[in-house]
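S.K.: 3D model of this:
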Amino acid sequence: MLKRDADRKKQYMEYALQKYNNDEDLAGEMRFVFDESKDEVFIIEGNMNFYEHFNFTAKQAGSTVLFFAEVIPDEGELCDVLCCKPLDSDDNGHCFGCKNQGSVDLRHPAGGSLYVGGHVDCEFPFMWDSISEDDSD
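M.R.: Purely as a prediction, here's the structure:
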C-alpha cells in the first residue's frame, strides 16, 4: 500500500513536470526530465479542499533544478496541476498548510499567488480540541 501511494505521488510529480514542459514549449534536450522526489505535504483546508505540495528535482541539459508543484489529487492516476515551476535560489514563499503539517523545509515560489493551498492558517480538520460544552461542572 505504501509503494502504491509513493508511485501515485511520483506520477503526480511527473505529470506536473510534463505539463510544465508542454506549457513552456520545451522540446528535445531543453525538456526537463523527472529526477527525484524531495518533499511532499498533503493539505486539507476550507470546505474539504485537498492539495498536495511537492518539491522534486528535474534534469535539463546536464543540470539539476529544484521544482515546486501543487496538485489537486484525483482518485485515478492523474491530477489537476495548479502550479509547477522551477524555484530560484531566493524562492521560499510562506505556506500555512506545510508549516502546520511540520514541513518547514518544503520550498514554495516567492509569489504566493502562484499556488492556491496553504494560505489559510488552520489545523488539520479532523482534529478538534476536546473541550466540553459546559465547563461549569
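S.K.: the chain: strands as residue ranges?
M.R.: Using DSSP state E, the strands assigned to the chain run over residues 33-45, 49-60, 63-73, 79-86.
S.K.: tell me who's in contact with Leu66.
M.R.: Residues near Leu66 by Cβ atoms under 8 Å, 6 or more residues apart in numbering: Lys38, Asn55, Phe56, Thr57, Pro86, Leu87, Arg107. C-beta coordinates here come from the backbone N, C-alpha and C atoms, glycine included.
S.K.: adding pLDDT, write those out as a markdown table.
M.R.: Below are the contacts of Leu66 laid out as a markdown table (pLDDT from 0 to 100):
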| residue | pLDDT |
| --- | --- |
| Lys38 | 95 |
| Asn55 | 97 |
| Phe56 | 97 |
| Thr57 | 97 |
| Pro86 | 97 |
| Leu87 | 96 |
| Arg107 | 95 |
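S.K.: grab the two from the residues you listed that are most spread out in space.
M.R.: Lys38 and Pro86 (13.0 Å; Cβ to Cβ).
S.K.: among the contacts of Leu66, name the buried ones.
M.R.: Listed as buried from the contacts of Leu66 are Lys38, Asn55, Phe56, Thr57, Pro86, Leu87, Arg107; burial here means 16 or more other Cβ atoms under 10 Å.
S.K.: how close does the residue nearest to the fifth one when sequence neighbours are not counted get to Glu29?
M.R.: What that stands for is Pro86. Distances taken as Cβ to Cβ, 6 or more residues apart in numbering place Val65 nearest to Pro86, at 4.8 Å, with adjacent residues excluded. Using Cβ to Cβ, to the nearest Å, one gets 14 Å for the distance from Val65 to Glu29.
S.K.: these two - which one has more neighbours?
M.R.: Neighbours per residue, other Cβ atoms under 10 Å: of Val65 and Glu29, the larger number sits with Val65, 14 against 10.
S.K.: for Glu29, see how far away the residue nearest the centre of the chain is.
M.R.: Among the residues of the chain, the one closest to the centroid is His53, at 1.0 Å (Cα atoms, centre = their mean). Counting by Cβ to Cβ, the gap from His53 to Glu29 is 28 Å.
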